[in-house]
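Chemist: Here is my input, please return the structure:
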Amino acid sequence: MSGHSKWSNIKRKKEASDAAKGAVFTKIAKEIAVAVKAGGPDPDGNSRLKDVISKAKAANMPNDNIARAIKKAAGAGEGDDYEEITYEGYGPGGVAVIVKTLTNNRNRTAGDVRHLFDKHGGNMGVSGSVSFLFEDKGVIVISKEEYEDEDQVMSDALDAGAEDFDSEEEECYEITTSPDDYYTVKETLEGKGYSFLDSSLGPVPVTYAKIDDPAVLEQFEKMLDKMDENDDIQEVFHNLDN
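Modeler: Residues are numbered from 1 along each chain as shown. I've put the predicted structure just below:
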């Protein structure tokens, strides 16, 4: 994502191996379990679950897998043991990183996240050490190839209540909302027939960092790859803008 650096993560995930896709599905199933626990198995009455289902479809998770995960969570109390914990730190090159996890063993997860920071030339900080460099926003990403009329997309997004519309990224439009308006904007656009490359509610950088050294940039990308592979890590946000 231009500026937000999230779209680069999406592109990395698109090129992921089948094994990595399986890991993504496992993480989404875990999110479904937690969402069902929090608000029930009906997505029409559970915005969080509806959002996770949207994410699952964007990741090409089969509908049968989605339905099975919801049914399992509703019937077996799946998700009862998971705890949401956020870690913060600096990666290689001084890039601010926020790591969101779902875990049933906080000691294991804290150790794993600290190890990933340390191994790749970064360091994990205390709560609040980098979060001041971000603000919570809703972000919706729409394909330019699929929706070529930029003026129409911008008009629909702003009419739905979006805060900002950005068309600088080559492949996509980026729509930003306040946290309170995120679900309303998303559902309004879905009602108009839009599908999304990605959508998320979470930290968006206020300031950005650059890495000029290719070796350091490669080290940072390796850290992101390893974080993607960790079962407890759900999402990673950073302020790299290369």
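Chemist: Quick check: bridge partners of residue 134?
Modeler: Beta bridges link residue 134 to residue 205 when assigned by DSSP bridges.
Chemist: per the record, what domains does this structure have?
Modeler: Domain assignment for the chain, taken from automatic domain parsing, gives 7-76, 83-132+208-238, 134-205.
Chemist: Now render those domains as a markdown table, adding mean pLDDT and mean neighbour count.
Modeler: The way it works is simple: take the backbone N, C-alpha and C, and place the C-beta from them, glycine included. As requested, the domains of the chain are arranged in a markdown table below (pLDDT from 0 to 100; neighbours: other CB atoms under 10 Å):
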| stretch | mean pLDDT | mean neighbour count |
| --- | --- | --- |
| domain 7-76 | 81 | 17 |
| domain 83-132+208-238 | 94 | 17 |
| domain 134-205 | 92 | 17 |
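Chemist: My guess is residue 88 contacts residue 124. True?
Modeler: Yes. The criterion here is CB atoms under 8 Å, and residue 88 meets it with residue 124 at 7.4 Å.
Chemist: Quick one: the strands in the chain, in order.
Modeler: Secondary structure of the chain by DSSP state E: the strands cover 83-90, 96-103, 123-125, 134-143, 164-166, 172-177, 198-205, 233-238.
Chemist: so what's residue 202 closest to, chain neighbours aside?
Modeler: Excluding the flanking residues, the one nearest residue 202 by CB to CB, 6 or more residues apart in numbering is residue 237, at 6.0 Å.
Chemist: repeat for residue 130
Modeler: With sequence-adjacent residues excluded and distances taken as CB to CB, 6+ apart, residue 130 is closest to residue 96, at 3.9 Å.
Chemist: cool, residue 210 as well?
Modeler: Nearest one to residue 210, counting by CB to CB, 6+ apart, is residue 242 at 5.8 Å.
Chemist: What does the residue lying closest to residue 145 once chain neighbours are set aside show for phi and psi?
Modeler: Leaving aside its chain neighbours, residue 145 sits nearest to residue 171 (7.3 Å; criterion: CB to CB, 6+ apart). Dihedral angles of residue 171 (phi, psi; degrees, to the nearest 10) stand at phi -100, psi -10.
Chemist: Would you mind measuring from residue 50 to residue 35?
Modeler: For residue 50, the distance to residue 35 equals 9 Å [CB to CB, to the nearest Å].
Chemist: wait, I meant residue 136
Modeler: 18 Å.
Chemist: now do residue 226
Modeler: For residue 226, the distance to residue 35 (CB to CB) stands at 26 Å.
Chemist: who's in contact with the residue nearest to residue 31 when sequence neighbours are not counted?
Modeler: Using CB to CB, 6+ apart and skipping the chain neighbours, the partner closest in space to residue 31 is residue 52 (4.7 Å). Residue 52 is in contact with 28, 31, 32, 35, counting by CB atoms under 8 Å, 6 or more residues apart in numbering.
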